[in-house]
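Participant: have a look at this prediction, sequence included:
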Number of protein chains: 2
Amino acid sequence: MGRDDGRRPPATLQDVAREAGVSLATASRSLNGSARKVREDYRARVLAAAERLNYAPNLQAQAVARGRTSLVGIIVSDITDPYFAQIAGGVIAAAEAGGLVATIGVSGRDPEREVQLVAALRGQRPTGIVLVGSRVADAAVTARLEAQLRDFENEGGHAVLVSQAGLPFDTIAFDNEDGARALARRLGAAGYANAVVLAGPEPLSTSRERTEGFLDGYASTGHPRDAVAVVHSRFTRDGGYEAMGAVLESGPRPDVVFAVNDVMAVGAMARLRAAGLEPGRDVAVAGFDDIETLRDVSPGLTTVRLPLEQGGATAVDLILKRASEPCLVSLPGEIVIRASTPGPAAEEA
Amino acid sequence: MGRDDGRRPPATLQDVAREAGVSLATASRSLNGSARKVREDYRARVLAAAERLNYAPNLQAQAVARGRTSLVGIIVSDITDPYFAQIAGGVIAAAEAGGLVATIGVSGRDPEREVQLVAALRGQRPTGIVLVGSRVADAAVTARLEAQLRDFENEGGHAVLVSQAGLPFDTIAFDNEDGARALARRLGAAGYANAVVLAGPEPLSTSRERTEGFLDGYASTGHPRDAVAVVHSRFTRDGGYEAMGAVLESGPRPDVVFAVNDVMAVGAMARLRAAGLEPGRDVAVAGFDDIETLRDVSPGLTTVRLPLEQGGATAVDLILKRASEPCLVSLPGEIVIRASTPGPAAEEA
DNA sequence: GTGAAAGCGCTAACAG
DNA sequence: CTGTTAGCGCTTTCAC
């Protein structure tokens, strides 16, 4: 007998009011937490009627009437990448806790697409938009993105950037430079004398900051800064794999490799193995992020732990309590030494 | 000078119409693809005016007026778990391709919460809801979930279940049993004679099917079915870790361990190492799913590859072309032998 | 072809 | 405290 196919349209507030024998307004006031009070027995009747009719408020209609929604939009490059997944998880959890529904868009690391997504999300008139990921676009696209976000804020929305500093909006930044610097010092002090950096795309600020921090810290332990090769590649597992390959094929073998994120580090490890080298024994490897899913790779990956979920949650907090001036929240990382870089006292197996 | 704080409300269709010197109706017809035609010069004027005013249609209002939205809701247990992330990625990508905006809820594996989320999403009046993950709830909660979904469909919505068969809605199921059976045959034929299954929670159908399939296939290679120990635990990394621990502490060491998903398998490997055993050498390990992020663990994990993203995408397809009868799409897996189970010819390093 | 006007479901003044 | 009513922004008959 198939399905009902759109029969019996959802009960409306009108229906509930009629069923309960009260006015529209009273029904409305009983069902949502209005400021005004409703006599207890009326309230009860309305609630009962709603229950009976299986009433669910039409949030779209509420939004139109109220002039604001309970939506928060998230835009990430790739939800499949655990870095973004963890941040998105933080955003979603905080949003739900705050009574908001999260809407999500995936840009596939395409800056153009990112602009389109902001425009599309804007149409939903969300309370806020959280944009995650660091800029790789040329100035023109960035300007258009900024324009979109500015329009959004002018309309009363609230934009928050995560891990993407430099634009005039609220921003949650992870302290990439300090984290990388601390890591490099530790490694340099432990005697690694021939480091190589596997970086992401040249213009990606996250990658740049981590690279800079590393070079800086490494230099501070007495290793000439320009003796460290920096190889650029994509910010993905395959990027790490290829960059590692390039390093192995050109020049002497390094004693330690710093990949600017864990995903790339894992790719680099795979490449080392493909070359018959054992990561952690023949070449030390370090990453960045301390991705949860990757905590069990073997040998354990030395890295810098970032409070990813917290970053996402904080973004939602900023949306809820909109400050009058754009603010910048900086979240520090914490270095974690594991077996992939023997030498410095390991803090974890 | 702070921010504008909600100044200049977004341009409305009204504004555009006035600016272009046409009626509301004409503006509406020009800006969305209406069936009716509009004289070309009018059209152009409206488009120009819209551009000038930076007009973006209020989708909520459109939804109210049209009686339907361009939203699709997704509910997953945990977006941080790569299994769900990949399926969600498929859903989001397909939704965007189909002009829909995805809304997402995370249940934290709490069946109660799942019901709440369906109710909450229903309020958005989405075109469809995709529910991912297999049932672990008792009959009462399941009944309430089913009621919510049924109401949703009666209102004209379309519910699709992914990897969660048995409810009377469109369903995308992965062929857990066949996959596990094929894997077990291969392993059994390769000479593994002392297998152990690390299963998820008893009532989880995904776990049950994989366990059943494995036992069945393993038995078909001549190993008595009830000689295989099945240890139940959580469906997570830590669950795998603990289950492996339980196995090691009680009874003889198995020669192969089948964890019902990759994440658990990785946990099991970690536990083996903690016990001084090398996975793949001292004890073979196999998983299920072939999670992308985990393809580089070492030794490479033998597993059953599932078309996760495709499953998500297919769910959206079903939503867009609503069939009159609930249908069941079954997606097969493909076994992948790697170094964690030496013996059978490896198909990949 | 175009425009006026009546909703869509809900909220929020505003009177009682 | 309750009910009436005028919107919210947009679509869609329905006349012209």
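Facilitator: Yep, it's here.

Participant: could I get the contacting residues of the spatially most central residue of chain A?
Facilitator: Against the mean C-alpha coordinate of chain A, by C-alpha atoms, centre = their mean, the closest residue is A:I87 at 3.5 Å. Counting by C-beta atoms under 8 Å, 6 or more residues apart in numbering or on different chains, A:I87 makes contact with A:76, A:132, A:162-163, A:308-309, A:311-312. Heads up, the C-betas are built off the backbone N, CA and C, glycines and all.

Participant: and if you look at A:P279?
Facilitator: A:268-269, A:272-273, A:285, A:299, A:340.

Participant: bridging residues for it?
Facilitator: Judged by DSSP bridges, the bridge partners of A:P279 are A:V283.

Participant: returning to what we had before: excluding its backbone neighbours, what's nearest the residue nearest to the centre of chain A?
Facilitator: A:G312 (4.3 Å; C-beta to C-beta, 6 or more residues apart in numbering or on different chains).

Participant: doesn't A:V130 make contact with the one you found?
Facilitator: Yes. The criterion here is C-beta atoms under 8 Å, and A:G312 meets it with A:V130 at 7.2 Å.

Participant: which ones among the contacts of A:P279 lie within strands?
Facilitator: A:V285 (DSSP state E).

Participant: for A:A268, which non-adjacent residue is closest in space?
Facilitator: Per C-beta to C-beta, 6+ apart, closest to A:A268 is A:M244, 3.9 Å.

Participant: count the neighbours of the one you found for me.
Facilitator: For A:M244, the neighbour count with other C-beta atoms under 10 Å in any protein chain shown is 31.

Participant: okay, and it sits in which element?
Facilitator: helix A:237-249 (DSSP states H and E).

Participant: against A:R210, how distant is the residue nearest to A:I87?
Facilitator: Separation of A:G312 from A:R210 (C-beta to C-beta, to the nearest Å): 20 Å.

Participant: who has more neighbours, those two?
Facilitator: More neighbours surround A:R210 than the other of A:G312 and A:R210, with 31 against 27 (other C-beta under 10 Å).

Participant: would you map the helices across the stretch 201-349 of chain A?
Facilitator: Counting by DSSP state H, counting those that start in this stretch, residue ranges of the helices within the stretch 201-349 of chain A are A:205-219, A:237-249, A:262-274, A:308-320.

Participant: ok, back up a step: who touches both of A:G312 and A:V130?
Facilitator: With C-beta under 8 Å, 6+ apart, A:G312 and A:V130 have common neighbours A:91, A:162.

Participant: hang on, the earlier thing: wait, the residue nearest to A:A268 sits on A:P254?
Facilitator: No. Contact criterion C-beta under 8 Å: A:M244 and A:P254 do not qualify, at 9.8 Å.

Participant: give me every residue in the stretch 51-200 of chain A lying close to chain B.
Facilitator: Counting by C-beta under 8 Å from any C-beta of the partner chain, the positions of the stretch 51-200 of chain A adjacent to chain B are A:54, A:56-61, A:63-64, A:69, A:71, A:78-80, A:82, A:85-86, A:88-89, A:92-93, A:96, A:101-106, A:119-125, A:151, A:153-156.

Participant: so how far is the helix or strand hosting the residue nearest to the centre of chain A off the chain centroid?
Facilitator: Following DSSP H and E, one finds A:I87 within helix A:82-97. Chain-centre distance of helix A:82-97: 7 Å, with C-alpha atoms, centre = their mean, to the nearest Å.

Participant: on that earlier part again, ranking the helices of the stretch 201-349 of chain A by burial, who's on top?
Facilitator: helix A:262-274 (a mean of 26; mean count of other C-beta atoms under 10 Å in any protein chain shown).

Participant: circling back to that earlier point, with respect to pLDDT, which of the contacts of A:I87 ranks lowest?
Facilitator: Sorting the contacts of A:I87 by pLDDT puts A:S163 at the bottom of the list (93).

Participant: okay, now it: neighbour count?
Facilitator: Number of residues near A:S163 (other C-beta under 10 Å) recorded here: 24.

Participant: surely it touches A:E209?
Facilitator: No. Using C-beta under 8 Å, A:S163 makes no contact with A:E209, being 10.0 Å away.

Participant: what's the spacing between the residue of the stretch 101-250 of chain A found nearest chain B and A:R125?
Facilitator: Residue of the stretch 101-250 of chain A nearest chain B, by C-beta to the nearest C-beta: A:G156 (3.5 Å). Applying C-beta to C-beta, the value for A:G156 to A:R125 is 9 Å.

Participant: overlap of the contact sets of the two?
Facilitator: A:R68.

Participant: what residues does A:L24 make contact with?
Facilitator: A:13-14, A:17.

Participant: again, only using 10 Å
Facilitator: Contact criterion C-beta atoms under 10 Å, 6 or more residues apart in numbering or on different chains gives A:12-14, A:16-18 as the residues in contact with A:L24.

Participant: ok, now A:R29?
Facilitator: A:22-23, A:35-38, A:42-43, A:46.

Participant: buried subset of these?
Facilitator: Buried subset of the contacts of A:R29 (neighbour count, 16 or more other C-beta atoms under 10 Å in any protein chain shown): A:22, A:38, A:42-43, A:46.

Participant: I'd say A:S23 and A:A17 touch.
Facilitator: Yes. Using C-beta atoms under 10 Å, A:S23 is in contact with A:A17, at 6.1 Å.
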